[in-house]
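J.: Here you go, sequence then predicted model.
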Amino acid sequence: MLSRILHAFSAPKPAPLPEPDEKLALGALMVRVAKSDRHYDLAEIKRIDRLLARLYGLRPIEAAKMRALCERLEHDAPNTARFGHLIRETVRLEARIAALEALWEVVLADGESAPEELSAIDAAREAMGLSAADSASARALAEGQG
């Protein structure tokens, strides 16, 4: 019994998370926005997987694995600004607007937009250096994707 207890304490630690790039940053932001209302449901998870597949040319299994990694990154990240700034510094304006559209698709995936989700998307928008008008346009495009 003592050996089992000692073995439990010496179990291997999980592999360290990679440093996020703009793709992982967007995935983590999608997860953060979806979780912001404390209701992370299957519709949001499926939407994130489809978005990752569409945006990055991934097969469904690859997209699901990427989302799982993004969930871990989101869990460990201190704030939204880190991901938004990474996107702002590494991608052009058009890609940032497309990223914001993807975030809106996640917010709209479950048919509701809770105040917490709107706050999270606004924080991401600001961190990505986008305007309220950019957000309104991205939301309109996302509503068309529904």
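T.: Arrived safely.

J.: where in this protein is pLDDT low?
T.: Low-confidence segments of the chain, defined by pLDDT under 70: 1-15, 17, 146.

J.: any chance you could map the helices in it?
T.: 2-9, 22-35, 42-56, 60-76, 80-90, 93-108, 115-127, 132-145 (DSSP state H).

J.: Contacts for the second one, please.
T.: Helix 22-35 has contacts (CB atoms under 8 Å, 6 or more residues apart in numbering) with 18, 20, 40, 44-45, 48, 51-52, 55-56, 66-67, 69-71, 73-74, 77, 80, 82-84, 86-87, 90-91, 95, 99, 102-103, 106-107, 109, 117, 120-121, 124. Using the backbone N, CA and C atoms, a C-beta is placed for each residue, glycine as well.

J.: Output that helix in CSV with nothing but the alpha carbons.
T.: Written as CSV, here are the backbone C-alpha positions of helix 22-35 (Å, rounded to 0.1, in the frame of the first residue of the first chain):
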residue,chain,number,x,y,z
GLU,A,22,-1.9,33.1,-33.4
LYS,A,23,-3.9,29.9,-34.3
LEU,A,24,-3.8,28.5,-30.7
ALA,A,25,-4.5,32.0,-29.4
LEU,A,26,-7.7,32.3,-31.4
GLY,A,27,-8.7,28.8,-30.4
ALA,A,28,-8.1,29.6,-26.7
LEU,A,29,-10.1,32.9,-27.2
MET,A,30,-13.0,30.9,-28.7
VAL,A,31,-13.0,28.5,-25.7
ARG,A,32,-12.8,31.5,-23.3
VAL,A,33,-15.7,33.2,-24.9
ALA,A,34,-17.7,30.0,-24.9
LYS,A,35,-17.0,29.3,-21.2
